[in-house]
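1. Here is a sequence with its predicted model. Questions after.
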2 protein chains.
Amino acid sequence: MHSLRFTASATSDGVLERDFTLGEVTGVLWSPASGPDHAPLILMGHGGGLHKKTPALMARARHLATTCGYTVAAIDAPGHGDRPRSAEDDQARAELRRAVAAGEPIGPVSSRYGASLAERAVPEWRAVLDALQDLPEIGADTPIAYGGGITLGTAIGMPLTAADPRITAAIFGGGFVVHDALLEAARRITVPVLFLLQWDDEHVDRQSALGLFDAIGSREKTMHANLGGHGGVPAFEDPAPFLVRHLGRATLSPA
Amino acid sequence: MHSLRFTASATSDGVLERDFTLGEVTGVLWSPASGPDHAPLILMGHGGGLHKKTPALMARARHLATTCGYTVAAIDAPGHGDRPRSAEDDQARAELRRAVAAGEPIGPVSSRYGASLAERAVPEWRAVLDALQDLPEIGADTPIAYGGGITLGTAIGMPLTAADPRITAAIFGGGFVVHDALLEAARRITVPVLFLLQWDDEHVDRQSALGLFDAIGSREKTMHANLGGHGGVPAFEDPAPFLVRHLGRATLSPA
């Protein structure tokens, strides 16, 4: 058993940002600089090739901390961000780069690598969740959602949400090559889902993304499809209304 | 030229509701009981067989008046609500009832009747818009959106939005049998669009509804798809964020 260690801490614009490690997993926790304990906890995933402090992810995390009072956690996927890369990571990345450069479909290597990353990342997330719930400011009773993101964040988030009953609402997205294991995980998900689809994603067939949404087993699921390519989820796609509907809002002291 | 005549007026729960006629067109106008003039104007359409004061439409209109300060207008489609029915209306309704009762597809009669209603309703809406802009409390410079709804409201709203440059944002939906004239209207629409789709609509093929969204010519368009059947658009589908993003909010005096 590893224990969670905070390695850096800084406050800016009303948000406390704390880096942590749990064994070899590197993560970060954002929370309101002054807010109540036991606020809802949102788990954020980053896209393939990116890391836990990608600007768009950070902006969303800080927005949720300041407007909803939430605590937001992100970890680096295996082989990403501050974590060492294995030979498999290097090889998969080289193949992906080669396919993109050659204008070839990234499907086969992307879905094989994504499935492998998810197999490693799901137990890591669950261990991080155990450790976070041991923190007095979070605790075991706070509501938890998977708050994104699309692409690799979905490839990891879907099996995680299917496996861990502590997650009671989830945001996923298209932008990832759909493979059978992902469809199978989607079918086992029963919590309310918001699914973000980029209508003109250049990497992923639209019908397969619609099929992934269709496969989700939840009785309440909503898809927000927006015009534009892979990386273009519009800024107005605010996750807060969905999360507040299902997790409530932390009681923030008036400014 | 007919002129707009108010025929009834009542205030409840902070909303002024005024019935009006313009020639043979019967309509209703909702506005905040106390609010500024020249608030954004939202045009609402009702579903097939329904009328301008259908409960769901009224609830949405009153919500927009009280939370955004908007003026909201609805009119009865030809042969609907307080308007006389022609022999064509009676025949089409009888055919629709018969098809539903027999479990037959409503497609052919629904799309033929819908196209005919739209041909009559678009010039009516444009005349109502002229008359509303002549009212001192609305005026010619207020921003205007088509605010729904799905089904017949889309069959009429798409050609209306394509034809009238005063409409600068629009909310449509699935639930209507897609025909060529509707696709052609969709292609001519260039304003921002929010499109509501019921994922399990029992009357309309999902792929044809996705195709209608795909055909819309706008550079900014968003689809919100929700699980459930024809009539089940969930209450959390609030049109306000989309409308406020594109039309702003009327300045309401603090309560």
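-> Nice, I can see it. Values in this document were obtained by computation on a predicted structure and should not be read as measured data.
2. can you pull out the helices in the stretch 101-250 of chain A?
-> For the stretch 101-250 of chain A, the helices defined by DSSP state H, counting those that start in this stretch cover A:107-133, A:152-163, A:180-188, A:206-215, A:240-247.
3. tell me the most buried of these?
-> Highest mean neighbour count among the helices of the stretch 101-250 of chain A (mean count of other C-beta atoms under 10 Å in any protein chain shown): helix A:152-163, with a mean of 27. (Glycine included, C-beta is placed from N, CA and C.)
4. is it true that A:R18 touches A:T11?
-> No - between A:R18 and A:T11 there is no contact under C-beta atoms under 8 Å: 9.6 Å.
5. more neighbours, those two?
-> Neighbours per residue, other C-beta atoms under 10 Å in any protein chain shown: of A:R18 and A:T11, the larger number sits with A:R18, 16 against 13.
6. about what we covered before: could you save the helices of the stretch 101-250 of chain A as JSON lines and add columns showing distance to chain B?
-> Formatted as JSON lines, the helices of the stretch 101-250 of chain A follow (distance: least, C-beta to the nearest C-beta, whole Å):
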{"stretch": "helix A:107-133", "distance to chain B": "22"}
{"stretch": "helix A:152-163", "distance to chain B": "17"}
{"stretch": "helix A:180-188", "distance to chain B": "13"}
{"stretch": "helix A:206-215", "distance to chain B": "7"}
{"stretch": "helix A:240-247", "distance to chain B": "6"}
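7. Is it possible to get CSV of those that adds distance to B:D201 and mean pLDDT?
-> Putting the helices of the stretch 101-250 of chain A into CSV (distance: least, C-beta to C-beta, whole Å; pLDDT from 0 to 100) gives the following:
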stretch, distance to B:D201, mean pLDDT
helix A:107-133, 31, 91
helix A:152-163, 26, 95
helix A:180-188, 21, 93
helix A:206-215, 14, 93
helix A:240-247, 22, 95
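8. got CSV for those, with distance to A:S34 too?
-> Below are the helices of the stretch 101-250 of chain A laid out as CSV (distance: least, C-beta to C-beta, whole Å):
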stretch, distance to A:S34
helix A:107-133, 20
helix A:152-163, 29
helix A:180-188, 38
helix A:206-215, 39
helix A:240-247, 19
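9. can you tell which of those is closest to A:I75?
-> With respect to A:I75, and counting by C-beta to C-beta, the nearest of these is helix A:107-133 at 5.8 Å.
10. could you say what helices and strands that closest one packs with?
-> With contacts defined as 3 or more C-beta pairs under 8 Å, 6 or more residues apart in numbering or on different chains; DSSP states H and E, helix A:107-133 has these neighbours: strand A:4-12, strand A:15-22, strand A:25-32, strand A:41-44, strand A:71-75, helix A:87-101, helix A:152-163, helix A:180-188.
11. and the second one, which residues are buried?
-> I take that to be strand A:15-22. For strand A:15-22, the neighbour count (16 or more other C-beta atoms under 10 Å in any protein chain shown) marks A:15-22 as buried.
12. Equivalent analysis for stretch A:215-229, please.
-> A:215-216, A:218, A:220-228.
13. now swap in stretch A:98-106 and tell me
-> Result for stretch A:98-106 [16+ other C-beta under 10 Å]: buried residues A:99, A:106.
14. What strand or helix carries the spatially closest residue to A:S86 that is not a sequence neighbour?
-> Nearest residue to A:S86, sequence neighbours excluded (C-beta to C-beta, 6 or more residues apart in numbering or on different chains): A:G79, at 6.1 Å. Secondary structure from DSSP states H and E places A:G79 outside every helix and strand.
15. close enough to count as contact, A:G79 and A:Q91?
-> No - taking contacts as C-beta under 8 Å, A:G79 lies outside contact range of A:Q91: 10.6 Å.
16. Looking at the two now, which is surrounded by more residues?
-> A:G79 (20 against 13).
17. how much space between that one and A:R5?
-> Distance of A:G79 to A:R5, given as C-beta to C-beta, to the nearest Å: 21 Å.
18. Also A:E95?
-> Distance of A:E95 to A:R5, computed by C-beta to C-beta: 35 Å.
19. Which one's more surrounded, these two?
-> The residue with more neighbours, out of A:E95 and A:R5, is A:E95; 17 against 11, by other C-beta under 10 Å.
20. Correct me if wrong: that one contacts A:S110.
-> No - counting by C-beta under 8 Å, A:S110 is not a contact partner of A:E95; they are 9.0 Å apart.
21. quick one: pLDDT of the residue in the stretch 51-200 of chain A positioned nearest to chain B?
-> Across the stretch 51-200 of chain A, the shortest distance to chain B (C-beta to the nearest C-beta) belongs to A:W199, at 7.6 Å. Note on A:W199: pLDDT of 93.
22. Isn't it up against A:R206?
-> Yes - in this structure, A:W199 is within contact of A:R206 by C-beta under 8 Å, at 6.9 Å.
23. and the nearest residue to A:A169 once chain neighbours are set aside, what does it touch?
-> Leaving aside its chain neighbours, A:A169 sits nearest to A:H246 (3.9 Å; criterion: C-beta to C-beta, 6+ apart). With contact set as C-beta atoms under 8 Å, 6 or more residues apart in numbering or on different chains, A:H246 has these partners: A:143, A:145, A:168-169, A:192.
24. again, only this time at 10 Å
-> Applying C-beta atoms under 10 Å, 6 or more residues apart in numbering or on different chains, we find A:H246 in contact with A:40, A:143, A:145, A:168-170, A:191-194, A:220.
25. neighbour-wise, which of these leads?
-> Busiest of those [other C-beta under 10 Å] is A:A170, holding 29 neighbours.
26. residues contacting that one?
-> Neighbours of A:A170 in contact, by C-beta under 10 Å, 6+ apart: A:43, A:144-148, A:154, A:157-158, A:160-162, A:189, A:191-195, A:216, A:218, A:221, A:242-243, A:246.
27. Just list whatever residues bridge to the residue nearest to A:T7 when sequence neighbours are not counted.
-> Among residues not flanking A:T7 along the chain, A:D19 sits closest, at 4.9 Å (C-beta to C-beta, 6+ apart). For A:D19, the beta-bridge partners are A:A8, A:V28 (DSSP bridges).
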